[in-house]
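# A predicted structure for the sequence below; I have some questions about it.
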Amino acid sequence: MKKTASIALHIPVLSVTLFALSSLALAQHTMQPAGQESQSNLVQIVREATKQYLDINNAIAAGYGPFLGCVSGSDHGAMGIHYVNPSLLNGTIDATHPQALIYEPSNRQMKLVGVEFITDATTWLKQNAGPPVLEGQVFLLVDSPNRFNIPSFFELHVWAWRDNPQGSFVDWNDDVSCAH
């Protein structure tokens, strides 16, 4: 009886662990090797949907605004400045409407380099059994506490306008800088 109770207590922990590992494996499996990112359906969808935001004035007019300044990695790469549209933080994921546009400051201009899809983790998990998946790409969980001082969220970066040597869906991009 005690062995059965002990096993029953470990099943939820084992389930969560297997889910986390399978999500990580799926995320790594679905990343494309360098050089093939431009062929990704999601990258193409994002480019088509965001080309009007190459001009940052169009992004601002559409409701996007800067959030937290330029984000750079502690040991390599950067993300840039995230322009977030609060009206899109509604728990839905749509490849043609990213919640954040990412700009790199360069020579007193803002260059669109990518996007980020974002959804609140608690809200998402109330209605879904696992992380969001968009065109085969599994979102990453950013738990709380985090460097942004916001609640846990799922996110997916898409480097649609700047190649990323590590892959189109990797958070940090060594070819993006906050130096300017």
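Great, that's in hand.

# Distance of the residue nearest to residue 46 when sequence neighbours are not counted relative to residue 40?
In space, and not counting its chain neighbours, residue 46 is closest to residue 160: 4.1 Å by CB to CB, 6 or more residues apart in numbering. C-beta coordinates here come from the backbone N, C-alpha and C atoms, glycine included. According to CB to CB, to the nearest Å, residue 160 stands 9 Å off from residue 40.

# More neighbours: which of the two?
Of the pair residue 160 and residue 40, residue 160 is the one with more neighbours under other CB atoms under 10 Å, namely 26 against 22.

# any residues in contact with both of residue 160 and residue 40?
residue 168 (CB atoms under 8 Å, 6 or more residues apart in numbering).

# which stretches of the chain form strands?
With DSSP state E as the criterion, the chain has strands at 65-72, 78-84, 100-106, 109-120, 133-134, 137-138, 140-142, 153-158.

# Please tell me how far residue 106 sits from residue 54.
13 Å.

# tell me which helix or strand of the protein sits lowest on mean pLDDT?
Lowest on mean pLDDT, DSSP states H and E among the helices and strands of the chain sits helix 2-30, with a mean of 39.

# Please name the spatially closest residue to residue 148 (chain neighbours excluded).
Per CB to CB, 6+ apart, closest to residue 148 is residue 68, 6.5 Å.

# Am I right that that neighbour is in contact with residue 82?
Yes - using CB atoms under 8 Å, residue 68 is in contact with residue 82, at 6.7 Å.

# Of those two, which one has the most company?
Between residue 68 and residue 82, counted using other CB under 10 Å, the more crowded position is residue 82 (23 against 12).
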